[in-house]
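1. the amino acid sequence is not available; the structure is as follows:
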């Protein structure tokens, strides 16, 4: 090992440090095999794209305990839109600003009341409330004031209809 140094060890503290290093390295066993990378995302140490993807998803995707609800009476695009809305992943003005995109204003462009965020757009905006009120009147339901998906779903869960009628009602709300 001393032959790899640029200069000879002078003695004193250098000599003592070299002796400690040498005694420590005597217990190290090096193999002639080539170096390799080990992925510690799984217990077996094997790299898999799926494991990296899951790790990235866990970090960046919102983790919520909301069940994914699919209504068979509406198109897949509507179901995906509602799923993205419940996850707060739609490009509302507030979400665009949060992602660093410049917008003129975060205020609702229809009535200029409230921030343009998902719960305002779908529940609190005057236009949304008019539509929801008419759906309730059409289905002969007492309307509550909902401000979020959770409040709407709690109300919706309390309705006593057959499962087919309830799915149709949910689809009606989704496409409205």
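-> Sure, I can see it. Predicted, not measured: the structure shown is a model, and the values here were computed from it.

2. what about the lowest-mean-pLDDT helix or strand in the chain, distance to the chain center?
-> Ranked by mean pLDDT, DSSP states H and E, the helix or strand of the chain with the weakest confidence is helix 49-60, at a mean of 82. Its chain's C-alpha centre and that of helix 49-60 lie 11 Å apart, by CA atoms, centre = their mean, to the nearest Å.

3. following that helix, which helix or strand comes up?
-> Using DSSP states H and E, the helix or strand that directly follows helix 49-60 along the chain is helix 76-86.

4. just the residues contacting that next one, thanks.
-> Contacts of helix 76-86 with the rest of the structure, by CB atoms under 8 Å, 6 or more residues apart in numbering, involve 66, 68-71, 90, 118, 122, 149, 171, 174-175. From N, CA and C alone the C-beta is placed, and that goes for glycine too.

5. among those residues, who's most crowded?
-> For those, the largest neighbour count, defined by other CB atoms under 10 Å, is 22 neighbours, found at residue 122.

6. that one is in contact with residue 131, isn't it?
-> No. With contacts defined as CB atoms under 8 Å, residue 122 does not count as touching residue 131, sitting 9.6 Å away.

7. just to revisit the earlier point, which one of the contacts of helix 76-86 is nearest residue 51?
-> Residue 51 has its nearest neighbour among these in residue 68, at 22.9 Å by CB to CB.

8. just give the closest residue to that closest one, not the sequence neighbours.
-> By the measure of CB to CB, 6 or more residues apart in numbering, the closest residue to residue 68 outside its immediate chain neighbours is residue 83, 6.0 Å from it.

9. so what's the residue count around the one you found?
-> The local packing of residue 83 (other CB under 10 Å) involves 14 other residues.
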